[in-house]
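Novice: need coordinates for the below:
(one chain, ligands or ions: 1)
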Amino acid sequence: MKISSLQQARYAYAPKLPGMLRNGIADICVKEGAETKSVADQDKIQALFPNTYGKKEITFQKGQNTSTAKKQVVGVILSGGQAPGGHNVICGLYDALKATDKENVLYGFKGGPSGLLEDDFVVFDDAFINAYRNTGGFDIIGSGRTKLETQEQFAIVQDVCKKHGITALVIIGGDDSNTNAAVLAEYFAAQGAGIQVIGCPKTIDGDLKNEDIECSFGFDTATKTYSEIIGNIERDSKSAKKYWHFVKVMGRSASHVALECALQTQPNVCLISEEVAEKKMSLAQITDYIADSVANRAAQGMNYGVALIPEGVVEFVPEFSVLIHEINELLAGSKADEFNQLPSWNDKYAFIKNGLTPASFDVFAILPQAIQQQLFLERDPHGNVQVSLIESEKLFSAMVKENLVARKKAGTYKGKFSPLHHFLGYEGRCAFPSNFDSDYCYSLGYNAFMLIQYGYTGYLSKISNLSNPAEQWVAGGMPITKMMNMERRHGSDKPVIKKALVELDGAPFKYFEARRDTWAVETCYVYPGAIQYYGPAEVCDTTTVTLALEQGK
Ligand code: FBP
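Specialist: All right, here's what the predicted structure looks like:
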């Protein structure tokens, strides 16, 4: 029996390139724009990047190719968390490289940046690449979170490249990985190593974007995958009429994922971490805000609802971040052993009470016991609280429950409250890339090779005009240093790509803000359904609501 599956069908999908890249290298030329400056701290960034700072923005267009023909040997790595479309960046890069000259070679270094340090690689050929076209995941070569940031590491990478004759590296990663790509490009330029470095913007979190990079790849597919599930949960909730669903969604510190899912599904509640920070909202205020929706809906006989909680929200609650800081201090060094040896939770609780300031202990004391234990028991290798592991969906539902008990006593609430919990994260990171991510990623990879062919280094592959059909997309490159500012990291000032948080005066948040009070009380759910790969372009090819609103659509 022949198995016919989406996987088989997707191998044959032909990703759409921007119009100007469609005729191949012979018909692609460069238009140089103005010299660039970093978004802030220009003098400092210029001093740190004397060889790669201030380069020109470039755009590709149709026209006589003027690049110098030479055999290209390129290395590529995937860095950080999985994001749908990573395979297609490599496929696009490979296709452009081979279409330009069959003798060109593409090395894939395995397991993320560590593959470059350990010289652990594969050499791609057609059969290898064809098995990964338009598929999700990073399993083609694997990924990892090793950071390439020291001079010693750079020297090793240079040796590895020299050994294989590699003259260009493509780093597919988020803001940190691309910051390090810029530092590596500067190192190679200073050494006269003759190795170019090009970055590609990846992360489902959506926090690598700015006036040049419209979105990171993977955000579209991941948010569509979560929105499908949230829509299904909404419909179940509306059918059964007996549960409140608390859904935490991934995204680290930024709330782009939660906001996009809210725009797609119109839940009753969606917290936005950046707003919590701006308004300095306390746990009690957030709880009250959710409980208002529960109580108002109950008053109309609707004892059900859906609340979205962004992964990083607790970090933004001022009193909670103080508590986390104090816990990290309390268990620093050998004090962790002392704590761990205490025989019972009661003994541990007394130790905690003694060690925290009264204000932080008050915050600690109102947390459900499961969360209290999580804060002290699940810690990272440095002994710090792992904020992303805190089950904030359970934290808020437990606090809402208590709040409703008080309202019941006061006679202001008469409903029933049965919460259920979900965490959506890993479900979306390796989904089959949507048509948008398949096309966008392939274009990013294809375009990265054009930047290499034209001799650029320290650039991010840039595809823009993304809310329009691919034919109208614009391909080019932007110096990474343009996106940088200085930030305090681990006690010293570092040049980094500025992370994008949700802007409270931006169109996506404003749209949400104008409607959320209605969504909180009424049932306005939208059910996006599964990602569609085949069918009309308006169903299959459109990207996120966030991007459409940002681009005034
Ligand atoms: P990147 O920043 O590397 O793209 O990863 C994003 C992310 O999926 C976050 O949303 C999440 O907090 C984190 O990775 C989870 O990391 P891990 O895969 O190590 O559990």
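Novice: distance of residue 344 from the ligand?
Specialist: Distance of residue 344 to the ligand, computed by C-beta to the nearest ligand atom, to the nearest Å: 31 Å. C-beta: built from backbone N, CA, C; applies to glycine.
Novice: number of residues surrounding that residue?
Specialist: Residue 344 has 8 neighbours, counted by other C-beta atoms under 10 Å.
Novice: contacting residues for it?
Specialist: By C-beta atoms under 8 Å, 6 or more residues apart in numbering, residue 344 lies in contact with nothing.
Novice: same deal with residue 55?
Specialist: Residue 55 touches 35, 36, 456, 458, 459, 479, 481, counting by C-beta under 8 Å, 6+ apart.
Novice: give me the buried entries from those.
Specialist: Burial by neighbour count, 16 or more other C-beta atoms under 10 Å: within the contacts of residue 55 this picks out 36, 456, 458, 459, 479, 481.
Novice: so can I have a markdown table of the residues you listed showing pLDDT and distance to residue 62?
Specialist: As requested, the buried ones among the contacts of residue 55 are exported to a markdown table (pLDDT from 0 to 100; distance: C-beta to C-beta, whole Å):
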| residue | pLDDT | distance to residue 62 |
| --- | --- | --- |
| 36 | 97 | 24 |
| 456 | 98 | 19 |
| 458 | 98 | 26 |
| 459 | 98 | 20 |
| 479 | 98 | 24 |
| 481 | 98 | 29 |
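Novice: of those, which belong to strands?
Specialist: Residues of those located in strands (DSSP state E): 459, 479.
Novice: going by distance to residue 341, which of the buried ones among the contacts of residue 55 wins?
Specialist: Nearest to residue 341 among the buried ones among the contacts of residue 55: residue 481, at 50.2 Å, using C-beta to C-beta.
Novice: how close does residue 144 sit to residue 113?
Specialist: 6 Å (C-beta to C-beta, to the nearest Å).
Novice: er, residue 226 actually
Specialist: From residue 226 to residue 113 the distance is 28 Å (C-beta to C-beta).
Novice: again, but for residue 254
Specialist: With C-beta to C-beta as the criterion, residue 254 and residue 113 are 23 Å apart.
Novice: mind checking which of these two has more residues around it?
Specialist: Between residue 254 and residue 113, counted using other C-beta under 10 Å, residue 113 has the larger neighbour count: 27 against 24.
Novice: shaky segments in the stretch 351-500 of the chain?
Specialist: Scanning the stretch 351-500 of the chain for pLDDT under 70 picks out 378, 381-383.
Novice: near the ligand, which residues of the stretch 201-350 of the chain?
Specialist: Residues of the stretch 201-350 of the chain lying close to the ligand (C-beta under 6 Å from any ligand atom) are 203, 204, 205, 250, 251, 252, 311.
Novice: dump the residues you listed to JSON lines, plus neighbour count.
Specialist: Below are those laid out as JSON lines (neighbours: other C-beta atoms under 10 Å):
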{"residue": "203", "neighbour count": "29"}
{"residue": "204", "neighbour count": "31"}
{"residue": "205", "neighbour count": "27"}
{"residue": "250", "neighbour count": "22"}
{"residue": "251", "neighbour count": "30"}
{"residue": "252", "neighbour count": "22"}
{"residue": "311", "neighbour count": "27"}
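Novice: widest-spaced pair of the residues you listed?
Specialist: Pairwise distances across these (C-beta to C-beta) peak at 12.9 Å, for the pair 203 and 311.
Novice: show me how far the helix or strand where residue 438 lies is from its chain's centre.
Specialist: Here residue 438, judged by DSSP states H and E, is contained in helix 435-453. Relative to its chain's centre, helix 435-453 lies at 18 Å (C-alpha atoms, centre = their mean, to the nearest Å).
Novice: again, but for stretch 409-418
Specialist: The answer for stretch 409-418 is 39 Å, by C-alpha atoms, centre = their mean.
Novice: dump that stretch to CSV, restricted to CA.
Specialist: Extracted C-alpha coordinates of stretch 409-418, given in CSV (Å, rounded to 0.1, in the frame of the first residue of the first chain):
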residue,chain,number,x,y,z
LYS,A,409,-19.1,35.4,50.9
ALA,A,410,-19.7,39.0,50.0
GLY,A,411,-22.7,38.0,47.9
THR,A,412,-21.3,39.4,44.7
TYR,A,413,-20.8,36.1,42.9
LYS,A,414,-23.1,33.1,42.6
GLY,A,415,-21.5,31.0,39.9
LYS,A,416,-19.5,27.8,39.6
PHE,A,417,-15.8,27.8,38.8
SER,A,418,-14.1,24.7,37.4
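Novice: mind listing what's buried along it?
Specialist: For stretch 409-418, by 16+ other C-beta under 10 Å, it's 413, 415, 417.
Novice: same check, this time on stretch 146-154
Specialist: 146, 147, 148, 153, 154.
Novice: burial check on the closest residue to residue 348 other than its chain neighbours, number of neighbours?
Specialist: In space, and not counting its chain neighbours, residue 348 is closest to residue 342: 4.9 Å by C-beta to C-beta, 6 or more residues apart in numbering. Residue 342: 14 surrounding residues under other C-beta under 10 Å.
Novice: in the stretch 101-250 of the chain, what residue is nearest the ligand?
Specialist: For the stretch 101-250 of the chain and the ligand, the shortest gap (C-beta to the nearest ligand atom) falls at residue 203, measuring 3.3 Å.
Novice: who's in contact with that residue?
Specialist: Residues near residue 203 by C-beta under 8 Å, 6+ apart: 80, 81, 83, 173, 174, 175, 216, 218, 219.
Novice: mind doing that once more with 7 Å?
Specialist: 80, 81, 83, 174, 216, 218 (C-beta atoms under 7 Å, 6 or more residues apart in numbering).
Novice: helices - which of the residues you listed land there?
Specialist: With helices taken from DSSP state H, there is no overlap with these.
Novice: want to try CSV for those, with pLDDT as columns?
Specialist: Listed next are the contacts of residue 203 as CSV, based on pLDDT from 0 to 100:
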residue, pLDDT
80, 95
81, 95
83, 98
174, 96
216, 98
218, 98
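Novice: for those residues, which single residue is the most surrounded?
Specialist: residue 83 (34 neighbours).
Novice: ok so, going back, what's the closest of the buried ones among the contacts of residue 55 to residue 288?
Specialist: Of the buried ones among the contacts of residue 55, the one sitting nearest to residue 288 (C-beta to C-beta) turns out to be residue 481, at 45.2 Å.
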